[in-house]
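J.: Have a look at this prediction, sequence included:
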Amino acid sequence: MPVVKDRLTTAQWILERNLAWIAAADAKVAIIVTINVAMLGGLAGTFGWSDAHRSCWAYGACMMAAILSGSGVFCAAMAMFPRTDGPKQSLLFSVPVAFMTLSDYQAALKDRSDEQLLEDWAGQVHRNAEIAKSKFEWVRVAMIWSFLGAPAWIIAIGVMLSK
């Protein structure tokens, strides 16, 4: 039995690390969205202020900056999209637990052996690793779009303020 208890403890530790990775992705999303929204707001303000200075270059650069920054915001939103699909019979994953009554959950938890709990923990660790991977993929793409949008934004602002 001590071996299973040790493995349960290890699985809990791994799950906590996965949850920390998910939280780190969420924190990066906040920064990405803030920067992109600020750039879009500055672009809109400059565009509205510089009526006389709009050229084809200004329109093109503004469109490119808006599309790239908007794509960054979209990808960041996809990183935050809730992922509620997971193990259907889990006593750890919140969705199936929420569909149980308290007394059913307490009874199921009491009836599970350590081996069954270890299997449940392993499923939860795996699902959260998948969630973290998906979130970081979206964060990565959001950062790429945002980095590509910054030069277009600088050019757009510069063109509109150049005259």
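T.: Sure, I can see it.
J.: can you tell me the helix or strand for G42?
T.: Using DSSP states H and E, G42 sits in helix 2-49.
J.: which strands and helices sit next to that helix?
T.: helix 56-80, helix 114-161 (3 or more C-beta pairs under 8 Å, 6 or more residues apart in numbering; DSSP states H and E). Using the backbone N, CA and C atoms, a C-beta is placed for each residue, glycine as well.
J.: Alpha carbons of stretch 17-32, in PDB - could you do that?
T.: The C-alpha trace of stretch 17-32 is given here as PDB (Å, rounded to 0.1, in the frame of the first residue of the first chain):
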ATOM      1  CA  ARG A  17       2.400  21.700 -11.600                       C
ATOM      2  CA  ASN A  18       0.000  21.300 -14.600                       C
ATOM      3  CA  LEU A  19      -2.400  23.700 -13.000                       C
ATOM      4  CA  ALA A  20       0.400  26.200 -12.500                       C
ATOM      5  CA  TRP A  21       1.200  25.900 -16.200                       C
ATOM      6  CA  ILE A  22      -2.400  26.600 -17.000                       C
ATOM      7  CA  ALA A  23      -2.400  29.600 -14.700                       C
ATOM      8  CA  ALA A  24       0.800  30.900 -16.400                       C
ATOM      9  CA  ALA A  25      -0.800  30.600 -19.800                       C
ATOM     10  CA  ASP A  26      -3.800  32.600 -18.500                       C
ATOM     11  CA  ALA A  27      -1.500  35.300 -17.200                       C
ATOM     12  CA  LYS A  28       0.200  35.600 -20.500                       C
ATOM     13  CA  VAL A  29      -3.100  36.000 -22.200                       C
ATOM     14  CA  ALA A  30      -3.900  39.000 -20.000                       C
ATOM     15  CA  ILE A  31      -0.700  40.700 -21.100                       C
ATOM     16  CA  ILE A  32      -1.200  39.900 -24.800                       C
END
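J.: which residue packs closest to M80, ignoring adjacent ones?
T.: V29 (5.5 Å; C-beta to C-beta, 6 or more residues apart in numbering).
J.: tell me the contacts of that neighbour?
T.: Listed by C-beta atoms under 8 Å, 6 or more residues apart in numbering, the contact set of V29 reads 76, 79-80, 139, 142.
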